[in-house]
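Student: with the sequence up front, the predicted model follows.
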Amino acid sequence: MSEPLLTVLDRMRTHLLDPDALVRAVASGRRKGQQPPWRRVELRYVDLKAGRHLQVTAYDETQAHTSNHLVGDAARDAVADLLEQPFGNWHVDTTTELHQVRVTKKGEAMLHSKPRPTEVEAERGHDRDKQRLLPEDDPVLVALGISDQQGRVKPSRQAKYRQVEEF
């Protein structure tokens, strides 16, 4: 059943601004006759040295633009700016619920919410290691001269390491 768009977006705003419950949110698509500045935007909370921040990753056609906003006024302003954009779909995952918002051609919102079968823990780390097929200290890479004896890829061999990963 459709509801007024502003009412649904205000409800989603409370989920987006909850640093303890939000797991991840994604805005994508476009409303009829409008084009948002980004192809897709992802939101999640991360723990940095300076405290918990709202991380906003906005994707255009070629690259990702990441910005971190301190919990409070900065995060509230960032969320307000994103909710004003003409995105056609919002997926908001919290620790206990899943919410999907779709904007209809008439400009109304279709909200579908359901509880999670089990409560999940939100991942707050921001400095993750990239998943590689071969670790940098693999004996094959050392034998080929791509990595040094300590298991680090030589600076002059980074391109070759990426090429080996592709194959």
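Tutor: Done, it's in. Numbers count the residues shown, from 1 in each chain.
Student: in space, what's closest to Gly88 - neighbours in sequence excluded?
Tutor: Gly29 (3.3 Å; CB to CB, 6 or more residues apart in numbering). (Each C-beta comes from the backbone N, C-alpha and C, glycine too.)
Student: list the residues that contact the spatially most central residue of the chain.
Tutor: Computing the C-alpha centroid of the chain and ranking residues by CA atoms, centre = their mean puts Glu42 first, at 3.3 Å. Glu42 sits next to Arg24, Ala25, Val26, Val56, Thr57, Tyr59 when contact means CB atoms under 8 Å, 6 or more residues apart in numbering.
Student: any of those buried? List them.
Tutor: Ala25, Val26, Val56, Thr57 (16 or more other CB atoms under 10 Å).
Student: what's the closest of those to Ala74?
Tutor: The closest of those to Ala74 turns out to be Val56 (CB to CB; 10.5 Å).
Student: which of the helices or strands spans the residue of the chain most remote from its centre?
Tutor: The centre of the chain is farthest from one residue, Ala143, which by CA atoms, centre = their mean lies 38.2 Å away. Using DSSP states H and E, Ala143 sits in helix 139-144.
Student: any chance you could map the strands in the protein?
Tutor: 2-3, 22-28, 40-48, 51-59, 64-70, 89-94, 97-103, 109-115 (DSSP state E).
Student: so which of those is nearest Arg157?
Tutor: Using CB to CB, the strands of the chain put strand 64-70 closest to Arg157, at 26.3 Å.
Student: so how far is the closest one from its chain's centroid?
Tutor: 10 Å (CA atoms, centre = their mean, to the nearest Å).
Student: which elements pack onto that strand?
Tutor: strand 51-59, helix 73-84 (3 or more CB pairs under 8 Å, 6 or more residues apart in numbering; DSSP states H and E).
Student: take these and lay them out in CSV including distance to Asp20.
Tutor: Shown next, in CSV, are those (distance: least, CB to CB, whole Å):
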stretch, distance to Asp20
strand 51-59, 9
helix 73-84, 13
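Student: looking at these, which is buried most?
Tutor: strand 51-59 (a mean of 18; mean count of other CB atoms under 10 Å).
Student: who does that one pair up with?
Tutor: strand 40-48 (antiparallel), strand 64-70 (antiparallel) (DSSP bridges).
Student: pLDDT weak spots in the chain?
Tutor: Within the chain, the stretches with pLDDT under 70 are 1, 126-130.
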